[in-house]
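Undergrad: Pasting the sequence and the predicted coordinates here, then a few questions.
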Amino acid sequence: MSVDEVFFDRVAHDLRGELSTMLAGVHYLLRFGRDLAPPTREMLERVSGAGERLTRMLAEFDDAVWLLDTQKPLVLAPIRFGELIDEVMSRIEPTVKTRGVRLVLESNDADAASTLVGDVDLLATALTSVVDLATLRAPAGTVHVTVEVRDGAPIIRVRDEGDAVPKDVLARLFEPFVEREIVARETHGRRKLRLGIGLPIARAILEAHGGSLVVEPGESGLTLRGVVSLRKASEIPPEPEKARAG
């Protein structure tokens, strides 16, 4: 593990530990503080919301190692495409409910049954990041997720109903922090919190699997097409032989 990887892992681990302690205290007060005055409860709920957003930002920071030259090794295993999508939908469900977004998934049994090879956790992280961005761009709107297998390659398309993206921004979309420029603002003027490095991380993870992440702009909204993997289950590299003791 490189010095950069150790740095990211250590900082993210320490910050998550402190944040978890803080959130546990706030949640305890909200649950058992029956005599809390309305302004106090409102403030605690705001702190809780900020903590949850910070938790998501830390998860993004933790995956920032994929923006470095040295990347995490992949733990390859076979998985059905449908099971991977189910994992992504499970991860994004709480966020979808909070943001009031309607998520429409289009798939068929044949494509869902297709088997691919990949690091399941990393693939789910990459695809969840893409869907999460779409829900930020379409507050109270609809996000369309289409799943298909074309020429043996599992593909997921994520289309939002947000505003059209200017061409100059599209050209820079996979640069760190640029995606913050295409996220809707909250009513009080602040952008919904996200570091803005999710797309370049997602693209790096998909490319490590032999896939890609590309933009399909339209007159309105934005479509991100992720080719999940070009490898089949039969192509999993063999496990290295363990050295015999003695």
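TA: Done, it's in.

Undergrad: Doesn't Ile79 belong to a strand?
TA: Yes - counting by DSSP: H, G, I helix; E, B strand; the rest coil, Ile79 falls inside a strand.

Undergrad: which ones are touching the closest residue to it other than its chain neighbours?
TA: Leaving aside its sequence neighbours, Ile79 sits nearest to Val120 (C-beta to C-beta, 6 or more residues apart in numbering; 5.3 Å). Glycine gets a C-beta too; all of them are placed from N, C-alpha and C. For Val120, the contact set (C-beta atoms under 8 Å, 6 or more residues apart in numbering) comprises Ala77, Ile79, Leu84, Glu87.

Undergrad: Quick check: phi and psi on Val120?
TA: phi -60, psi -50 (degrees, to the nearest 10).

Undergrad: The protein: helices as residue ranges?
TA: Along the chain, the segments classed as helices by DSSP state H run 3-32, 38-62, 81-99, 109-112, 120-137, 167-170, 198-208.

Undergrad: I'd assumed Asp132 was in contact with Thr95.
TA: Yes - using C-beta atoms under 8 Å, Thr95 is in contact with Asp132, at 6.2 Å.

Undergrad: neighbour-wise, which of the two wins?
TA: Asp132 (24 against 17; other C-beta atoms under 10 Å).

Undergrad: what's the closest of the contacts of Val120 to Thr40?
TA: Glu87 (38.3 Å; C-beta to C-beta).

Undergrad: Would you enumerate the residues in contact with Ser220?
TA: So Ser220 contacts Glu161, Asp163, Ala164 (C-beta under 8 Å, 6+ apart).

Undergrad: how far away is it from Gly118?
TA: 32 Å (C-beta to C-beta, to the nearest Å).

Undergrad: re earlier: tell me, what's the model's pLDDT at the residue nearest to Ile79?
TA: Val120 is assigned 92 on the pLDDT scale.

Undergrad: May I see the helices of the chain arranged in CSV, with distance to Pro176 as well?
TA: Formatted as CSV, the helices of the chain follow (distance: least, C-beta to C-beta, whole Å):
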stretch, distance to Pro176
helix 3-32, 14
helix 38-62, 11
helix 81-99, 22
helix 109-112, 33
helix 120-137, 13
helix 167-170, 14
helix 198-208, 6
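
Undergrad: So which of those is nearest Val149?
TA: Nearest to Val149, of the helices of the chain and by C-beta to C-beta, is helix 109-112 at 4.5 Å.

Undergrad: Keeping just the C-alphas, turn the closest one into PDB.
TA: The C-alpha trace of helix 109-112 is given here as PDB (Å, rounded to 0.1, in the frame of the first residue of the first chain):
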ATOM      1  CA  ASP A 109     -34.900 -11.300 -16.800                       C
ATOM      2  CA  ALA A 110     -32.500 -12.400 -19.500                       C
ATOM      3  CA  ASP A 111     -30.200  -9.400 -19.100                       C
ATOM      4  CA  ALA A 112     -30.500  -9.600 -15.300                       C
END
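
Undergrad: ok, and what's touching that helix?
TA: Arg80, Phe81, Gly82, Ile85, Val147, Glu148, Val149, Pro154.

Undergrad: hmm, which of these are the buried ones?
TA: Buried members of those, counted by 16 or more other C-beta atoms under 10 Å: Phe81, Gly82, Ile85, Val147, Glu148, Val149, Pro154.

Undergrad: contacting residues for Gly226?
TA: Counting by C-beta under 8 Å, 6+ apart, Gly226 has contacts Ala126, Leu127, Val130, Ile155, Ile156, Arg157, Val158, Ala202, Leu206, Gly211, Ser212, Leu213.

Undergrad: who wins for neighbours among those residues?
TA: Counting neighbours by other C-beta under 10 Å, the top entry in the contacts of Gly226 is Ala126, with 30 neighbours.
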